[in-house]
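# One predicted model, sequence on top.
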Amino acid sequence: MKRQFTLRKYERLKSRKLTEQLFKNGNSFAEVPFRVFYLPVNGELQKVNGLLFGCGVSKRNFKKAVDRNRIKRLIREAYRLQKNGLQELLADRKDCLSLFILYTGKELPDFNLVKEKLSVILARLISVFSIEEKKKS
């Protein structure tokens, strides 16, 4: 089957309840200049194909909405191109995951930096879920 590099509406993290739950109960780690929050979601979202994604940029660091929106576009694009590995792992395990990436840097990044850091972040998430799978076995 041909890989699809899309970020559909149903793959986006839009639920306020789920977002609050993610920040309150979720796990997090930092990969400078990003902060990553993730939360495995149990049975309530089985209609989702395994992965819900959101991203944000602090208004404190970037006063202009143009800059915040550009950074979010870069993050979404880099994520869209690289998410397939994590998505396939979750599909094999029939798990669901909420993921939120927060940009904490103070300067406008270029696409290469964002893409490089997101590949490290996604590889780390894959390793975390692979280790959890081995522990369950």
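Looks like it came in fine.
# Could you name the specific helix or strand carrying the residue lying closest to residue 23 once chain neighbours are set aside?
Closest residue to residue 23 apart from its sequence neighbours, by C-beta to C-beta, 6 or more residues apart in numbering: residue 37 at 6.2 Å. Using the backbone N, CA and C atoms, a C-beta is placed for each residue, glycine as well. For residue 37, the element it lies in under DSSP states H and E is strand 34-41.
# if we can go back for a sec, tell me how many other residues surround the residue nearest to residue 23.
Residues lying near residue 37 (other C-beta atoms under 10 Å) number 19.
# cool, and residue 25?
Residue 25 is flanked by 8 other residues according to other C-beta under 10 Å.
# For the nearest residue to it once chain neighbours are set aside, list each beta-bridge partner.
Sequence neighbours aside, residue 39 is the residue nearest to residue 25 in space, at 6.3 Å (criterion: C-beta to C-beta, 6+ apart). Here residue 39 sits in beta bridges with residue 98, going by DSSP bridges.
# Using neighbour counts, pick out the buried residues of stretch 56-74.
Buried residues in stretch 56-74, defined by neighbour count with 16 or more other C-beta atoms under 10 Å: 56, 57, 62, 68, 71, 72, 74.
# actually stretch 13-24, sorry about that
For stretch 13-24, the neighbour count (16+ other C-beta under 10 Å) marks 13, 18, 19, 22 as buried.
# Out of these, which comes closest to residue 81?
Nearest to residue 81 among the buried residues of stretch 13-24 is residue 13, at 18.4 Å by C-beta to C-beta.
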